[in-house]
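S.K.: heads up, no residue letters with this:
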């Protein structure tokens with residue numbers, strides 16, 4: 001008898017596991033949803049940044065093609081007296097305005113942390129200036145309040161203090177801007193209040209049993225437990241302070257006066273770019289500001305290791 005040879009059949013190609021196919025579908029769906037953001041990032045953020053970096057090495061006036069001049073714009077900055085004046089004005093504003101703003105925010109947050117009648121109303125009232133503080137209308141109102149014969153001038157004159165209008169007094173413009181930024185403490189206040197809610201009340205009860213007073217409780221309990229929130233607010237408010245523009249432009253009529261006392265860095269950058277049409281020079285100023293803010297951010301992060309305490313930290 002003849003034996004029939006078994007017919008060899010080709011085994012079907014192994015199909016992709018179901019999880020792998022699903023993972024591929026999810027990946028494509030994720031990139032699809034990310035596509036609008038990615039287009040916006042490259043077209044509206046990364047692209048203009050690369051263009052400004054190139055322009056910072058050129059002489060460009062918006063009407064003629066940019067001409068490559070190398071580091072001339074950056075070298076000219078430190079020979080520009082008005083540039084150095086704008087640096088001094090901005091640094092003074094950051095050094096005095098940021099700590100006072102954070103101190104006011106923390107003080108009010110501690111007052112609002114305790115349960116009292118009308119607590120919701122007070123929180124909303126203190127937060128409201130942060131919603132409208134950077135608007136043009138508030139800058140106009142602030143200028144009218146501190147101008148000649150304004151409400152502030154009249155109120156101080158009633159007590160025998162005759163300072164005149166703060167807007168036209170070079171020695172009083174910086175206190176005016178510091179008061180404006182302190183008045184807008186609502187945003188860091190809300191963050192401080194959220195951090196205070198996370199501190200266990202048992203710590204304060206144990207400290208009271210040991211005879212600790214309010215000051216000792218603050219430095220031994222509140223400050224260490226709240227240090228991550230303080231670090232966050234300090235970082236964000238420092239960066240925000242370097243970006244002041246709207247109020248400086250409105251109050252000084254876009255000129256930085258009187259005597260350059262309101263010539264903030266961003267205002268001078270605007271004047272160089274859109275009044276003098278020196279876009280290459282303005283781009284160099286913008287990138288120098290970015291570098292300085294980045295260095296300050298790095299310093300804050302490095303120094304935070306000695307005073308910021310996180311939960312479960314062994315320090």
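M.R.: Looks like it arrived, so ask away. Predicted model, so just to flag it, every value in this text is computed and none were measured.

S.K.: The longest helix anywhere in the chain - contacts with which helices or strands?
M.R.: Longest helix in the chain by number of residues (criterion: DSSP state H): helix 81-113. With contacts defined as 3 or more C-beta pairs under 8 Å, 6 or more residues apart in numbering; DSSP states H and E, the packing partners of helix 81-113 are helix 119-132, helix 173-183, helix 186-197, helix 223-241, helix 265-270. Quick note: C-beta positions are derived from backbone N, CA and C, even for glycine.

S.K.: Quick check: next helix or strand after the last one?
M.R.: Beyond helix 265-270 in the direction of the C-terminus, DSSP states H and E gives the next helix or strand as helix 279-303.

S.K.: Please tell me how far that next one is from the chain's geometric centre.
M.R.: Offset of helix 279-303 from its chain centre (C-alpha atoms, centre = their mean, to the nearest Å): 13 Å.

S.K.: What lies in contact with that helix?
M.R.: Residues outside helix 279-303 that contact it (C-beta atoms under 8 Å, 6 or more residues apart in numbering): 52-53, 55-62, 66, 69, 73-74, 76-77, 83, 231, 234-235, 238-239, 242, 265-266, 268-270, 272-274.

S.K.: Out of those, which end up buried?
M.R.: 52, 55-60, 66, 73, 83, 231, 234, 238-239, 242, 265-266, 268-270, 272-273 (16 or more other C-beta atoms under 10 Å).

S.K.: Just give me the residue right at the centre of the chain.
M.R.: Closest residue to the average C-alpha location of the chain: residue 240 at 2.7 Å, with C-alpha atoms, centre = their mean.

S.K.: Distance check, it against residue 98.
M.R.: Separation of residue 240 from residue 98 (C-beta to C-beta, to the nearest Å) stands at 8 Å.

S.K.: got it, and residue 156?
M.R.: For residue 156, the distance to residue 98 (C-beta to C-beta) stands at 26 Å.

S.K.: Which one's more surrounded, these two?
M.R.: residue 98 (23 against 14; other C-beta atoms under 10 Å).

S.K.: and that one, what does it touch?
M.R.: Residue 98 sits next to 181, 234, 237-238, 241 when contact means C-beta under 8 Å, 6+ apart.

S.K.: let's see it at 10 Å
M.R.: 178, 181-182, 188, 233-234, 236-242 (C-beta atoms under 10 Å, 6 or more residues apart in numbering).

S.K.: follow-up on the earlier one: check whether the residue nearest to the centre of the chain really touches residue 101, as I assumed.
M.R.: Yes. Residue 240 is within contact range of residue 101, at 9.5 Å (criterion: C-beta atoms under 10 Å).

S.K.: How much space separates residue 282 from residue 266?
M.R.: Residue 282 sits 10 Å away from residue 266, going by C-beta to C-beta.

S.K.: Could you do residue 87 as well?
M.R.: Counting by C-beta to C-beta, the gap from residue 87 to residue 266 is 12 Å.

S.K.: Could you pull out the buried residues of stretch 160-170?
M.R.: 165-167, 169.

S.K.: Contacts for that stretch, please.
M.R.: Residues contacting stretch 160-170 (C-beta under 10 Å, 6+ apart): 142-150, 152-153, 155-157, 171-177, 179, 251-253, 257-262.

S.K.: now these: which count as buried?
M.R.: By 16+ other C-beta under 10 Å, the contacts of stretch 160-170 give 142-143, 145-147, 150, 152-153, 172-174, 176-177, 179, 251-252, 257, 260-262 as buried.

S.K.: Now, these that are in strands?
M.R.: With strands taken from DSSP state E, there is no overlap with those.

S.K.: Now for residue 183: which residues touch it?
M.R.: 101, 104, 129-130, 133, 138, 142.

S.K.: least confident pick among the residues you listed?
M.R.: Lowest in pLDDT among the contacts of residue 183 is residue 133, which has 59.

S.K.: just to revisit the earlier point, ok, which of the helices and strands packed on helix 81-113 comes nearest residue 209?
M.R.: Nearest to residue 209 among the helices and strands packed on helix 81-113 is helix 223-241; the distance by C-beta to C-beta comes to 18.1 Å.

S.K.: Can you tell me how far residue 237 is from residue 243?
M.R.: Distance, residue 237 to residue 243, using C-beta to C-beta: 11 Å.

S.K.: cool, and residue 226?
M.R.: 25 Å.

S.K.: Between those two, which has more neighbouring residues?
M.R.: More crowded of residue 226 and residue 243, by other C-beta under 10 Å: residue 226, with 22 against 14.

S.K.: so who does the closest residue to that one other than its chain neighbours touch?
M.R.: Distance criterion C-beta to C-beta, 6 or more residues apart in numbering; nearest residue to residue 226, sequence neighbours excluded, is residue 195 at 5.0 Å. Residue 195 sits next to 106, 109, 113, 222, 225-230, 232-233 when contact means C-beta under 10 Å, 6+ apart.
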